[in-house]
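Return a 3D structure for these sequence lines:
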Amino acid sequence: MAGSPVTSGVDVSDMKAVHQALRDTLDGAGALVGSAPSGDSERVALISNLYENVLSFLHAHHQTEEDLVFPLLRARCPQELELVDRAAAQHEEIRVAVDGAETAVASWADQGERQQGHCAERLAALGSLLGRHLDEEEGQILPLCAAHLSAEEWGAQPGHGMALFSGDKIWLILGLIRQRMTAAQRQEMSAHMPPPAREMWSGFGERAFDELITRVGPPLA
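Numbering: from 1, shown residues only. This next block holds a predicted model:
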């Protein structure tokens, strides 16, 4: 792959924790959706809400890349336009799959067992599609980011994504990501959180996350 010499050396390894949180939750969809016994509306509500939040985060995550990252890469490494445009096209394909998964989750939450299998299938299909994209992004897009973005530009993504997030449990997303970070990455994340987000996490978010994940159970607990 052609490319310019590294100019910033920004650490992009934290993105792999974000990606792994998405992989793990979608890979676990069959087990989690299937863990709701017939007639257990409380369990259906718990798991469907988890996926509502994960899908909302996926929308926000990709929109953030399109708003903040892809324009910089297009401007600074024009020799890689085809690669960046392919990643953007994959986002559009994934967006269609996310929309279908959101519809399936809502139908399951509303109709229960009748839509359980379809919901699990849509989430699993999304997971397969997303996994291929994330593998390519980690292998080809993240190295470009490390070479061509500043630490400040890279660090603008979490706040932008939080502003776009439309779910009701941002602490769930933070917890899923932090689970997959090293201790040093968690410390860095906390240091760069906006004060309200840091206070939310330390005040009740971490405790709420631990309690929810215990209720959710394997494979996420």
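
ok now stretch 131-138, how far from the chain's centre?
Offset of stretch 131-138 from its chain centre (C-alpha atoms, centre = their mean, to the nearest Å): 13 Å.

sorry, that was for stretch 18-36
12 Å.

do the same with stretch 186-203
18 Å.

which of the residues in it are buried?
Neighbour counts using 16 or more other C-beta atoms under 10 Å place 186, 189, 193, 197, 200, 201 of stretch 186-203 among the buried residues. (Glycine included, C-beta is placed from N, CA and C.)

Stretch 37-53 too?
Going by neighbour count (16+ other C-beta under 10 Å), the buried part of stretch 37-53 is 43, 44, 46, 47, 48, 49, 50, 51, 52, 53.

again with stretch 125-142
For stretch 125-142, burial by neighbour count (16+ other C-beta under 10 Å) applies to 125, 126, 127, 129, 130, 133, 134, 137, 140, 141, 142.

where's the last one relative to residue 155, distance?
Distance from residue 142 to residue 155, counting by C-beta to C-beta, to the nearest Å: 15 Å.

Alpha carbons of stretch 80-100, as CSV, please.
Extracted C-alpha coordinates of stretch 80-100, given in CSV (Å, rounded to 0.1, in the frame of the first residue of the first chain):
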residue,chain,number,x,y,z
GLU,A,80,-5.3,6.5,-0.9
LEU,A,81,-8.6,7.9,-2.1
GLU,A,82,-9.8,4.6,-3.4
LEU,A,83,-9.1,2.9,0.0
VAL,A,84,-10.9,5.7,1.9
ASP,A,85,-13.8,5.7,-0.5
ARG,A,86,-14.2,1.9,-0.2
ALA,A,87,-14.4,2.2,3.6
ALA,A,88,-17.1,4.9,3.2
ALA,A,89,-19.0,2.7,0.7
GLN,A,90,-18.8,-0.2,3.3
HIS,A,91,-20.3,2.2,5.8
GLU,A,92,-23.3,2.7,3.6
GLU,A,93,-23.8,-1.0,3.2
ILE,A,94,-23.5,-1.5,6.9
ARG,A,95,-26.0,1.4,7.5
VAL,A,96,-28.6,-0.5,5.5
ALA,A,97,-27.9,-3.6,7.6
VAL,A,98,-28.1,-1.6,10.8
ASP,A,99,-31.5,-0.2,9.8
GLY,A,100,-32.7,-3.8,9.2
